[in-house]
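Peer 1: Fold the stuff below for me.
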Amino acid sequence: MRTSLSNAHYSVRETAWLLGVAPSTVSRAIRLGTVHVVWRHGRPVIPAHVLARLLGEPSSGGMP
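Peer 2: Numbering: from 1, shown residues only. Alright, predicted model coming up:
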């Protein structure tokens, strides 16, 4: 699994792993519109700059 923010996009599963949450938590945040995604090949991916913002924010018990 990639652990560097040098990639342009991350899958839901990779994002969840990096944030230390369940993939369902990331999917829920996507559905609620609290995490921005772009669609690649019919799948949602999280841009690296969005992931960097999420990693930089203090956690308050889950996704922002």
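Peer 1: low-scoring stretches of the protein, by residue?
Peer 2: Applying pLDDT under 70 to the chain flags the ranges 1-7, 57-64.
Peer 1: biggest strand in it, by residue count?
Peer 2: Using DSSP state E, we find that the single longest strand of the chain is strand 43-47.
Peer 1: Which residues are in contact with the residue in the chain sticking out farthest from the centre?
Peer 2: Here the chain reaches farthest from its C-alpha mean at residue 41, the gap being 17.1 Å by C-alpha atoms, centre = their mean. For residue 41, no contacting residues are found, by C-beta atoms under 8 Å, 6 or more residues apart in numbering. Yep, even glycine has a C-beta here, placed from its N, CA and C like the rest.
Peer 1: got the CA coordinates for the following helix or strand past the longest strand of the chain in PDB?
Peer 2: Remark: after strand 43-47, the chain's next helix or strand is helix 48-56, criterion DSSP states H and E. Taking C-alpha atoms only, helix 48-56 is exported to PDB below (Å, rounded to 0.1, in the frame of the first residue of the first chain):
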ATOM      1  CA  ALA A  48      -3.700  13.900  -2.600                       C
ATOM      2  CA  HIS A  49      -4.300  17.600  -1.500                       C
ATOM      3  CA  VAL A  50      -7.600  16.600   0.100                       C
ATOM      4  CA  LEU A  51      -6.000  13.700   1.900                       C
ATOM      5  CA  ALA A  52      -3.200  16.000   3.100                       C
ATOM      6  CA  ARG A  53      -5.800  18.400   4.500                       C
ATOM      7  CA  LEU A  54      -7.500  15.600   6.300                       C
ATOM      8  CA  LEU A  55      -4.200  14.300   7.800                       C
ATOM      9  CA  GLY A  56      -3.400  17.800   8.900                       C
END
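Peer 1: in helix 48-56, what's buried?
Peer 2: Across helix 48-56, burial judged by 16 or more other C-beta atoms under 10 Å covers 50-51, 54.
Peer 1: And for stretch 35-44?
Peer 2: 35, 37, 44.
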